[in-house]
Every structure is written in structure tokens, then in C-alpha cells.
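>>> Please find the sequence and the predicted model below.
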Amino acid sequence: MTTKFTTGDILAQLGSVLASLMFVWAIIQQYFPYNLRNFIDKYSQRFLTFFYPYIQITFNEFTGERFKRSDAYSAIETYLSKTSSMQAKRLKADVIKNNTQPLSLSMDDHEEVSDVFNGVKVYWASGKNIMKSQTFSFYPNTDEKRYYKLTFHKRHREAILGEYLTHVLKEGREIKVKNRLRKLYTNNGAQWSHVVFEHPASFQTLAMDPVKKQEIIDDLTTFSNGEEFYNRIGRAWKRGYLLYGPPGTGKSTMIAAMANFLGYDIYDLELTAVKDNTELRRLLIETTSKSIIVIEDIDCSMDLTGQRKKEVKEEEEEKDNSKPMKPPENNEAKASKVTLSGLLNFVDGLWSACGGDRLIVFTTNHVEKLDPALIRRGRMDKHVELAYCGFEAFRVLARNYLYLESHDLFEEIRRLLAEAEMTPADVAENLMPKTSPADPESCLRSLIGALEKVKEEANLKKMKMKMEEEEAGRKKDLAGVKNEEIKVVENGSNGSV
Ligand SMILES: Nc1ncnc2c1ncn2[C@@H]1O[C@H](COP(=O)(O)OP(=O)(O)OP(=O)(O)O)[C@@H](O)[C@H]1O
Ligand SMILES: [Mg+2]
């Protein structure tokens, strides 16, 4: 008797065999997934490395602490972004609100790119492990663990593990600092709060003498690249800037330009809101490296001229028992203020103990009012005067505001700027186009008018002062004559008695 199998029967048999195999596989997966995988992994890896001349290094996104992203992973991600945007076919994009670059690109999962370093070719692949959650849920909660895998030939082991990886991490971190959203911190008492720092100022748009400007740019560049130098000479990696000059000469604008140039955050320290020296110290310790700590109008923030003398005086007063005691609240209010010595400690005491590069910038309209101890070199290393607008500074503003490199009226403006004192803020206001499209000539004429007015007012002021001096001199002479007369009369009357 022959049994006839129809196609349906065969398919049914195959189906049941397949179903049984799947069932067995499911059981294996359910009960022995880890051991089995481990076993296969272990022996296949041993087998492979025997013939395979390449070395692989994995950099996981998360290491150790569960929610802490690995610094190396993100540095590699940033380092590879340029190569990825040119080589990878699938990219991931993220928006970064940055002036120079609107998007951050990185290669998508399971992409591979190559990189060449000193003639050695290496391969970077991105991947992810998916760990299924053990708990049952209608919304499967998968845990994705991303990584980068670096592959290179074993004969380059030394160069890649040393020089190349140092280069990748360093460059990645540097690009990250440049691209990151920078922050502007302000203190409310002893607490820093921050907003995104988005000031468009740059050294290019800053109107000042070009030689002075270049000097500052060079100084900042040397400072920011000077980690090794500062270590070698045994100095803390800090630099103090004192910016002084009349209101509207660009001190605050320069700080913004410095932050943009270096890619640093800004800590705008409001000294009057700080209760005492301890609070000041706490605020300082909380600042991060690659930042500029700013104290604006330092002369208005505290009594920096007489603070020391006053303290001495107070001590003397306390010793003098004959004098009545001050009311306690008054003493308390005085004690709860930052003192000059507290600020000096802030600048060079604890300040030096904080790692990383930091700039500290003081601004003032009255440099002569500051205690020399506060601004001596070593504390405030660089003193920068921001002065009234000169011709070179005007040219920067004319270029920025009116796209003008030269004009027939420039010579007249040059002459007037030498005679009249006008701040860059006022010059800029006059150059601001009032019509659309801009009419450069009318802006320049408006500036000339304003400069002539300033010059006239200054002349009038000078004349008035001169007249007042003359009047005062005359009065003095008259008073002298009268005194003489009185003496004569007195002598006369004495004689007559
Ligand atoms: N040197 C400059 N270059 C370009 N713009 C300037 C310059 N100086 C001033 N300005 C313009 O004038 C405005 C005021 O300048 P800024 O706030 O920097 O002056 P400041 O010196 O900090 O004044 P203050 O002493 O009152 O704080 C700025 O918004 C800027 O547009
Ligand atoms: Mg200012």
C-alpha cells in the first residue's frame, strides 16, 4: 500500500517541524539565553582572533554610573561628526542653537566610517545592544546601549592606543566646547541661575584701536592654549582683566566678545547681592572651568577705597569705651557685607585652588577710585582702557553699520573725532540707518552734526569754566582788597582810641 503525500500534507509536516524547532529555540532563548550566547561568543571570538589581525576597542555610551554618559563616548561622537557627515549614508541630526553651526550630525546606528592618522587607517563603527526589559508591558520598554567600535591593525597598536586616541578625545572635547550652548549665570544671593548666552558681539564688530584689539586677542589665545605653560611655571591657570573707561565705550560688549571668542560661559557676579565673604567663596567654588567671572562697576559694588581704613577705624572705636556702642542691627548689617580682603581672597586665594581655566574681569568707570591692591598685576594682569571713539574705531563702526570702507566725509570725521569726545555707543547711534535702504551719507552727516555739537558744547563748557575761574579770582582779589581796607580801618581806629 502506497501512501500518497499531497503538497498540503508536506507543508503541514514541514510546518509542524518548524513549529517544534521554534518551540525548542524559544525554550533555549527563554532558559539559556545568556549562557548559550556567552558560550558561542567566547569560542567564536577565540577562533576569530587566531586568524584575525585586527584589534577592536568598544566605547560604551554609558559606563559605571547608570545615568552618566561617558565623556569619551560623547567626545568621539563629536570628533566623528565631520567625517560622518562626509562618509556615512545614514546620519542623525540634532539642532544646536549655535551661531556658527545650526545642526549637530552624527552617524546613525550600524554605520561605519574610516579615519586616517599619520598614514594609518582606522575604522569607526556605531552600534547598539538592545536589552529587553524583563517586566511585561504592552509598551515594550527596550533599553538601548549604544557604542562606538574602533578597529585597527594590530601592528599599529601602540600609535593608536597612545597618540591617536589622545588626539581624538582632545579634539572632540575642543569641538564640543566650541559648539555647546553657552550659559550666562547670574547670582541671586548665594545661588547661580542661568540662561542661554546669545550675545552677537565679536572682536570683529568691536570698535577700538586695531593694535590694542589684536593685543587682547593674542593675549586671550595664549591664555586659552596655555595649560601646559601655566603648569610648568607653577601658576594657576587664571587671568585677570580690568576694563576701564567712560560709560558707553564698550566694556560690557568686550566681555561678550571675549566669551564668544573663547567659547566660555559668563558668570555675572552681582556683589551687592552677596551676603558675606563665605557666600562669595561658595559662589566661586561653584563656577566651572572655561568661564569668565565678571564683576561690573566694581567701584559701585562696594566701598573699595576706604574699606580697609574703615575697618581699622571701627577697631579703634571699639577699643574706645568712652564712646557709645553702636546699635546691634547696624553692626550686623555691616558684618554681612563682602569686604575688600574677602574680594582679594576671592581673586587670588581660593581662586587659585579651583582647577581649570577661568578669566576674571572687573569693569569700572573710575579706575582711580579702586584700591591699588585690588588691581595690581598678578590679580588684574591686564589693564585695558576703553576710550572715546577714535578714527580707527569709527571705521569699524562704519563698516559694520553702513558697509562703508571709505567716503569723502571720512576726513572731516577724522578731524572732528580728534577734537570732540564721543563714545562709540553715541557714534554707533548716529550711524544707525534711519531709512530703508540705508542712506550712508545722511548717517555720516548726522554724525558730523552730532560731533560739531559736542565740540561746541565742550568749547562753551571750557569758556564757562574759564569765566568762573576768572570770576573766582576776581572775587578773591576783591576780598583781599577788602580785608586790607578793614585792617587799615581797624588800625586807624585803634590809633585814634
Ligand atoms: N567699542 C564698541 N564697539 C562697538 N559697539 C559699541 C562699543 N562701545 C559701545 N558700543 C555700543 O554701545 C552699547 C553700549 O556699550 P556697552 O554696554 O558695552 O558700554 P559700557 O562701556 O559697558 O558702558 P557702562 O560703563 O555704562 O556699563 C552697546 O550695546 C554697543 O552696541
Ligand atoms: Mg557695561
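Noted; the coordinates are in hand. Numbering: from 1, shown residues only. Ligands and ions are numbered 1, 2, ... in the order given.

>>> Ends of stretch 153-169, what's the gap?
Taking Cα to Cα, to the nearest Å as the measure, stretch 153-169 stretches 20 Å from start to finish.

>>> List the buried residues for that stretch?
By neighbour count with 16 or more other Cβ atoms under 10 Å, stretch 153-169 contains the buried residues 156, 159, 160, 164, 165, 168, 169. Every C-beta, even on glycine, is put in place using the N, C-alpha and C of the backbone.

>>> Could I get the full set of strands for the chain?
54-60, 91-95, 103-107, 112-117, 120-131, 143-153, 183-188, 191-196, 238-244, 265-268, 291-295, 358-364, 382-385 (DSSP state E).

>>> right, so those strands: which one is the most enclosed?
strand 358-364 (a mean of 24; mean count of other Cβ atoms under 10 Å).

>>> could you check the angle strand 291-295 makes with it?
20 degrees (axes from the mean of the first three to the mean of the last three Cα atoms, to 10 degrees).

>>> Could you list the contact residues of the stretch 151-300 of the chain toward ligand 1?
When proximity is defined by Cβ under 6 Å from any ligand atom, the stretch 151-300 of the chain lies next to ligand 1 at 206, 207, 208, 247, 248, 249, 250, 251, 252, 253.

>>> Pretty sure the fourth one sits against residue 423.
So that's residue 247. Yes: with contacts defined as Cβ atoms under 8 Å, residue 247 counts as touching residue 423 at a distance of 7.1 Å.

>>> Comparing those two, which residue is more hemmed in?
Shown here are residue 247 and residue 423; by other Cβ atoms under 10 Å, residue 423 has more neighbours (19 against 10).

>>> quick one, what contacts that one?
Counting by Cβ atoms under 8 Å, 6 or more residues apart in numbering, residue 423 makes contact with 246, 247, 248, 249, 388, 389.

>>> For the closest residue to it other than its chain neighbours, what are phi and psi?
Distances taken as Cβ to Cβ, 6 or more residues apart in numbering place residue 248 nearest to residue 423, at 3.7 Å, with adjacent residues excluded. With angles defined as degrees, to the nearest 10, residue 248 sits at phi 90, psi 20.

>>> Next one, pLDDT for residue 248 please.
Here, the pLDDT recorded for residue 248 equals 93.

>>> how many neighbours does it have?
20.

>>> thought it was touching residue 427?
No: using Cβ under 8 Å as the test, residue 248 is too far from residue 427 to be in contact (9.5 Å).

>>> Quick check: which ranges of the stretch 251-400 of the chain have low pLDDT?
Counting by pLDDT under 70, the stretch 251-400 of the chain contains low-confidence ranges at 302-336, 349-353.

>>> and the stretch 201-350 of the chain, which residues reach ligand 2?
Within the stretch 201-350 of the chain, the positions adjacent to ligand 2 are 251, 252 by Cβ under 5 Å from the ion.

>>> again, only using 6 Å
251, 252, 296 (Cβ under 6 Å from the ion).

>>> Which of these ranks first by neighbour count?
Counting by other Cβ under 10 Å, top hit in these: residue 251 with 24 neighbours.

>>> Touching, that one and residue 385? I think so.
No: Residue 251 is not in contact with residue 385 according to Cβ under 8 Å; the separation is 10.0 Å.

>>> got any residues that touch both of those two?
Residues touching both residue 251 and residue 385 (Cβ under 8 Å, 6+ apart): 244, 245.

>>> returning to that earlier point: JSON lines please, covering the buried residues of stretch 153-169 and showing pLDDT and distance to ligand 2.
Shown next, in JSON lines, are the buried residues of stretch 153-169 (pLDDT from 0 to 100; distance: Cβ to the ion, whole Å):
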{"residue": "156", "pLDDT": "92", "distance to ligand 2": "54"}
{"residue": "159", "pLDDT": "91", "distance to ligand 2": "51"}
{"residue": "160", "pLDDT": "92", "distance to ligand 2": "50"}
{"residue": "164", "pLDDT": "95", "distance to ligand 2": "46"}
{"residue": "165", "pLDDT": "95", "distance to ligand 2": "44"}
{"residue": "168", "pLDDT": "94", "distance to ligand 2": "41"}
{"residue": "169", "pLDDT": "93", "distance to ligand 2": "38"}
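
>>> Identify, from those residues, the entry nearest to residue 79.
For these, the residue nearest residue 79 by Cβ to Cβ is residue 168; the value is 4.9 Å.

>>> Now that closest one: closest residue in space, sequence neighbours ignored.
residue 79 (4.9 Å).

>>> Pick out the residue of the stretch 151-300 of the chain closest to ligand 1.
residue 250 (2.8 Å; Cβ to the nearest ligand atom).

>>> isn't that residue right next to residue 209, touching?
No: using Cβ under 8 Å as the test, residue 250 is too far from residue 209 to be in contact (11.6 Å).

>>> could you check the distance from the closest residue to residue 61 other than its chain neighbours over to ligand 2?
The shortest distance from residue 61 to any non-neighbouring residue, by Cβ to Cβ, 6+ apart, is to residue 146 (4.3 Å). Residue 146 sits 45 Å away from ligand 2, going by Cβ to the ion, to the nearest Å.

>>> Surely residue 146 and residue 109 touch.
Yes: in this structure, residue 146 is within contact of residue 109 by Cβ under 8 Å, at 7.0 Å.

>>> Can you work out which residues contact both of these two?
Joint contacts of residue 146 and residue 109 (Cβ under 8 Å, 6+ apart) are 126, 127, 128.

>>> what are the bridge partners for the last one, then?
Applying DSSP bridges to residue 128 gives these bridge partners: residue 146.

>>> Please give me every residue in contact with it.
Here residue 128 is in contact with 109, 110, 144, 145, 146, 147 (criterion: Cβ under 8 Å, 6+ apart).

>>> again with the second one
Each residue near residue 127 by Cβ under 8 Å, 6+ apart is listed here: 109, 110, 146, 147, 148, 149.

>>> swap the cut-off to 6 Å and go again
110, 147 (Cβ atoms under 6 Å, 6 or more residues apart in numbering).

>>> Could you check the pLDDT of it?
pLDDT, read off for residue 127, is 89.

>>> measure it to ligand 2 for me?
Taken as Cβ to the ion, the span from residue 127 to ligand 2 is 51 Å.

>>> Torsion angles phi and psi at residue 296?
phi -80, psi 150.

>>> is it true that it touches residue 363?
Yes: using Cβ atoms under 6 Å, residue 296 makes contact with residue 363 at a distance of 5.0 Å.

>>> For the chain, which residue gets nearest to ligand 2?
Per Cβ to the ion, residue 252 is where the chain lies closest to ligand 2, at 3.3 Å.

>>> residues in contact with that residue?
Contacts of residue 252 (Cβ under 6 Å, 6+ apart): none.

>>> can you rerun that using 8 Å?
Here residue 252 is in contact with 296, 363 (criterion: Cβ under 8 Å, 6+ apart).

>>> re earlier: among the contacts of residue 128, which one has the lowest pLDDT?
Ranking the contacts of residue 128 by pLDDT, residue 144 lands last with 74.

>>> wait, that residue sits on residue 126?
No: counting by Cβ under 8 Å, residue 144 stays clear of residue 126, with 11.8 Å between them.

>>> about what we covered before: residue 250 and residue 209 - which one has more neighbours?
More neighbours surround residue 250 than the other of residue 250 and residue 209, with 24 against 16 (other Cβ under 10 Å).

>>> Please enumerate the helices of the stretch 151-300 of the chain.
In the stretch 151-300 of the chain, the segments counted as helices under DSSP state H, counting those that start in this stretch are 157-159, 165-179, 210-224, 227-233, 251-262, 277-285, 298-301.

>>> who wins for proximity to residue 444 among those helices?
helix 210-224 (20.7 Å).

>>> about what we covered before: which neighbours do residue 296 and residue 363 have in common?
251, 252.

>>> how many neighbours does residue 390 have?
The burial count for residue 390: 15, using other Cβ under 10 Å.
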